[in-house]
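K.L.:
Give me a model of this one.
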Amino acid sequence: MSLTPAFKALLKAPKYAARTSKHSSGKIIPAGSSGEPLQPPRTALLQDLFKRVSSSAERHHIGWGEWMTVMTATMFALNSPGSLQAMHRYVMSKEGSQELRPVAERVNRACLMREVGLKCIGLIGTPKSINNLAALRAMVDADSECAKEMPSEPRREINANEWDHVCDVGATLYKDIYQEKAERLRQVLSHSHPDLSVYILQNEYGPLFAPPPSYKGTDEPIWEVNRVRVSLMNMAALHAQGGVAPQVTSHTFGLLRSKPSFQHVEGPQRQGLDFLSSIQGAEWVIHTVNDIASVLEGTEDEDRQTPSPPSRL
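P.N.:
I've put the predicted structure just below:
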């Protein structure tokens, strides 16, 4: 069985055509979104964006894991696999050069981006995460040294004896983010649907959002999406997709409440984390997401790259 060319074209086409406004002469209502991902802007525009974000992060002593979390989550939400691949290419090289970073650094950065993308399932949905993770993996596979060293064993296979502990860890993360509002929010979710809070706590905050080492008892890798990074990811992905300001507000408070998680950190890294967990840091996150969106979404078609072959997933 196969689909007709006409039906395939229908799937890719905008949901509705551009049209002239009935209420404002000369105003054009843009066409609806299409079934294709957002095509990346020209390389030069992306390079300028990456340099701008990384330089701003450096000025505030924000570590690579934190600013890359914000940028990766934003790109997953905006659904531009080509732009995500360009970011991967950029962060694998040393600043201001074409020289590759040592393989261990490349693996750490690839693992962070991969982990953020997986967790984004709970924020932007499974299909976008699948397609963007596939785009990331294509970049990793093009680097044989990095591909060889990438962890390949699943970290979230949970047996019956572990399930209660996983749920407890998820509940702890949930309470740490929402604190005094946690129980009230749980009641609101359950009132909307009796299974909603159960699903979110047991299947998202536990196995997905909580770092696997927290319920597996293993060492936490440097690329882990930890307490601070999970709040950065939540803010970035939610703000980038738009229309969910109440959730962005909640996770902003979650970021501001993350200070106890890094009390052991010292030096410039601590300065960066202290900044991020302040209202000024939260504003930096939102402004950074807006900057990324202005380039990925706001670029005119004439300044975009040629479309790549569609995903078959």
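
K.L.:
burial count for residue 108?
P.N.:
Counted with other CB atoms under 10 Å, the neighbours of residue 108 add up to 19. Glycine gets a C-beta too; all of them are placed from N, C-alpha and C.

K.L.:
helix/strand/coil for it?
P.N.:
Secondary structure for residue 108, judged by DSSP: H, G, I helix; E, B strand; the rest coil, is helix.

K.L.:
Verify the contact between residue 33 and residue 13 for me.
P.N.:
No: shown here, residue 33 and residue 13 do not form a contact pair, counting by CB atoms under 8 Å, at 10.3 Å.

K.L.:
Flag the shaky bits of the chain, pLDDT-wise.
P.N.:
Applying pLDDT under 70 to the chain picks out residues 307-313.

K.L.:
Could you list the residues in contact with stretch 91-106?
P.N.:
Stretch 91-106 has contacts (CB atoms under 8 Å, 6 or more residues apart in numbering) with 50, 54, 64, 68, 109, 110, 113, 143, 145, 146, 149.

K.L.:
For it, buried residues please.
P.N.:
Neighbour-count burial for stretch 91-106 flags 91, 92, 101, 105, 106 (criterion: 16 or more other CB atoms under 10 Å).

K.L.:
And the helices in the stretch 101-250 of the chain, which stretches?
P.N.:
Using DSSP state H, counting those that start in this stretch, the helices found in the stretch 101-250 of the chain span residues 103-119, 121-124, 126-141, 144-149, 163-178, 182-192, 196-199, 213-216, 227-241, 245-256.

K.L.:
hey, which of those helices is tucked in deepest?
P.N.:
Most buried of these, by mean neighbour count (mean count of other CB atoms under 10 Å): helix 227-241, with a mean of 26.

K.L.:
Out of the contacts of stretch 91-106, flag the one nearest to residue 130.
P.N.:
Nearest to residue 130 out of those is residue 113 (CB to CB; 14.8 Å).

K.L.:
What number of residues are in the vicinity of the closest residue to the closest one other than its chain neighbours?
P.N.:
Excluding its sequence neighbours, the residue lying closest to residue 113 (CB to CB, 6 or more residues apart in numbering) is residue 72, at 4.8 Å. Residue 72 has 30 neighbours, counted by other CB under 10 Å.

K.L.:
who touches residue 72 in this structure?
P.N.:
Residue 72 touches 84, 87, 112, 113, 116, 117, 233, counting by CB under 8 Å, 6+ apart.
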